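A.B. asks: what follows is a predicted structure for the sequence shown.
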Amino acid sequence: MPLIHFPNDAPILYVTKSGIPQVTLNEIKRLGDTGISRYNNVDAFLVGAAANPAVESQLKAIGLITKTVTASNVPDLANKVDQLYGSIENPDTGVAAMGDGQQNVMVGSMDGKDYQYLLPATHWVAHMASGLLWVHRNSVPSGTISALKRRNGNARIYLFGGPSQISGAVAKQLSQYGTVLRVTNNDIVAFNANPVDNPVDTAIAFAKMWDGAGEVGWKITGPGHGFTLVNINDWQAAVASAPLSHLGFHAPLLFTNGPTTLPSAVDGYFSSVAPTYLTTPADGPYNMTYVIGSWSQISWPEQAHVDYISEMGNRRIWKQNTGSTYGSSAPIP
């Protein structure tokens with residue numbers, strides 16, 4: 001995912017072990033890539049199983065220069081990607097960094113369906129220079145440790161999920177490589193007991209949050225923004241839609257968990273950030289949502305409902321108790 005970000009601007013396209021599907025090949029040709037001048041004029045990164053002879057030969061046949069990134073397991077592959085992107089984005093140290101030098105890392109658990117908690121981070125990593133690494137619930141793979149060690153204790157490490165996804169023992173182990181923060185719907189000051197975490201609520205929490213020290217978070221608590229809505233079971237669409245957060249409307253990822261009805265938390269969030277007007281709806285601002293997937297994943301009635309609860313409302317109506325103004329999302333300092 002970091003390879004999407006500047007200076008690569010590389011959208012994710014899918015291939016198979018036996019070659020490039022025609023629809024993907026057509027898109028590669030349409031894009032007319034000119035290569036990354038900061039990195040040997042490479043046109044395409046072949047990551048994981050995509051780095052196979054069939055894909056390489058097809059790309060070579062149309063004149064593209066490729067770079068393969070492979071490893072024996074997922075954490076090692078993430079480490080290799082992190083190392084490669086760091087060498088391109090910040091060749092001085094080989095570690096991806098923000099403008100102020102902050103070395104942010106998004107971390108998720110790869111056990112079971114815990115990966116769903118980390119999917120919203122794919123959109124952030126596409127948007128801002130950050131690492132994306134993996135752990136197990138109760139252990140830290142060597143590849144992840146290697147990536148964190150490169151940061152010399154200066155990493156700002158964001159854990160996606162609660163203690164049931166990434167244990168307190170793992171969080172403590174990671175803290176020796178930098179500062180650890182959890183991205184959850186928990187409030188350790190206000191809540192007497194930890195709430196139950198789920199990917200839907202975690203995605204909303206990340207869309208709302210802002211950590212000024214790391215310059216991390218979308219801070220969307222008011223209107224005038226974009227969103228990407230994906231079925232929680234469609235990870236391919238979640239990953240492939242990450243460029244929608246990189247350029248343009250900067251649309252963070254939200255989840256629905258069924259094709260016909262929004263989760264109540266998502267419904268409430270869309271309503272809470274819907275725009276209102278005092279004089280005329282022509283004044284804006286407006287929200288926009290990219291709905292990704294087939295009708296069987298997100299139905300037309302569900303899409304229409306998102307549009308309805310996101311539309312401009314009259315703030316003078318006494319029954320209007322949802323919606324907000326652009327000032328509700330204070331400018332990021």
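C.D. replies: Thanks, I have it.

A.B. asks: Ile12 contacts Ala242, doesn't it?
C.D. replies: Yes. Ile12 lies in contact with Ala242 (Cβ atoms under 8 Å); the separation is 6.7 Å. Heads up, the C-betas are built off the backbone N, CA and C, glycines and all.

A.B. asks: neighbour count: these two, which is higher?
C.D. replies: For Ile12 versus Ala242, neighbours defined as other Cβ atoms under 10 Å are more numerous around Ala242 (25 against 18).

A.B. asks: could you list every residue that touches the more buried one?
C.D. replies: With contact set as Cβ atoms under 8 Å, 6 or more residues apart in numbering, Ala242 has these partners: 1, 4, 12, 122-123, 125-126, 253.

A.B. asks: kindly report the same for Gly178.
C.D. replies: Contacts of Gly178 by Cβ under 8 Å, 6+ apart are 103, 105, 148, 151, 153-157.

A.B. asks: for Pro163, see how far away the residue nearest to it when sequence neighbours are not counted is.
C.D. replies: The spatially closest residue to Gly178, leaving aside those adjacent along the chain, is Ala155, at 3.2 Å (Cβ to Cβ, 6 or more residues apart in numbering). To Pro163, Ala155 is 20 Å away according to Cβ to Cβ, to the nearest Å.

A.B. asks: hmm, back to that, out of the contacts of Gly178, which end up buried?
C.D. replies: Buried by 16 or more other Cβ atoms under 10 Å: 103, 105, 148, 151, 154-157, out of the contacts of Gly178.

A.B. asks: starting at the chain centroid, how far to the strand or helix carrying Leu181?
C.D. replies: Assigned by DSSP states H and E, Leu181 belongs to strand 178-183. Relative to the centre of its chain, strand 178-183 is centred 17 Å away, using Cα atoms, centre = their mean, to the nearest Å.

A.B. asks: just the buried residues of that strand, please?
C.D. replies: The neighbour-count check on strand 178-183 (16+ other Cβ under 10 Å) flags 178-183 as buried.

A.B. asks: and the contacts of the helix or strand just after that strand?
C.D. replies: Downstream of strand 178-183, the first helix or strand assigned by DSSP H and E is helix 199-208. Residues from elsewhere that reach helix 199-208, judged by Cβ under 8 Å, 6+ apart: 116-117, 119-121, 124, 160-161, 183-185, 195, 217-221, 227, 232, 252-255, 257, 263, 265-266, 269.

A.B. asks: show me where the stretch 51-200 of the chain has strands.
C.D. replies: Along the stretch 51-200 of the chain, counting by DSSP state E, counting those that start in this stretch, strands occupy 66-69, 103-109, 131-135, 155-160, 178-183.

A.B. asks: strand partners (parallel or antiparallel) of the last one?
C.D. replies: Spelled out, it's strand 178-183. Applying DSSP bridges to the sheet, strand 178-183 is found paired with strand 155-160 (parallel).

A.B. asks: quick one, the strand it pairs with and strand 131-135 angle?
C.D. replies: With axes from the mean of the first three to the mean of the last three Cα atoms, to 10 degrees defining the directions, strand 155-160 sits at 60 degrees from strand 131-135.

A.B. asks: just the CA coordinates for strand 155-160, please, in PDB.
C.D. replies: C-alpha atoms of strand 155-160 as PDB (Å, rounded to 0.1, in the frame of the first residue of the first chain):
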ATOM      1  CA  ALA A 155       8.300   5.200  15.200                       C
ATOM      2  CA  ARG A 156       4.800   6.300  16.000                       C
ATOM      3  CA  ILE A 157       2.900   3.100  16.000                       C
ATOM      4  CA  TYR A 158      -0.900   2.900  15.500                       C
ATOM      5  CA  LEU A 159      -2.600  -0.300  16.400                       C
ATOM      6  CA  PHE A 160      -5.900  -1.000  14.700                       C
END
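
A.B. asks: contacts for that strand?
C.D. replies: Strand 155-160 is contacted by residues 102-108, 117-118, 120-121, 131, 148, 166, 171, 174-175, 177-183, 202, 206, 211, 213-214, 216 when judged by Cβ under 8 Å, 6+ apart.
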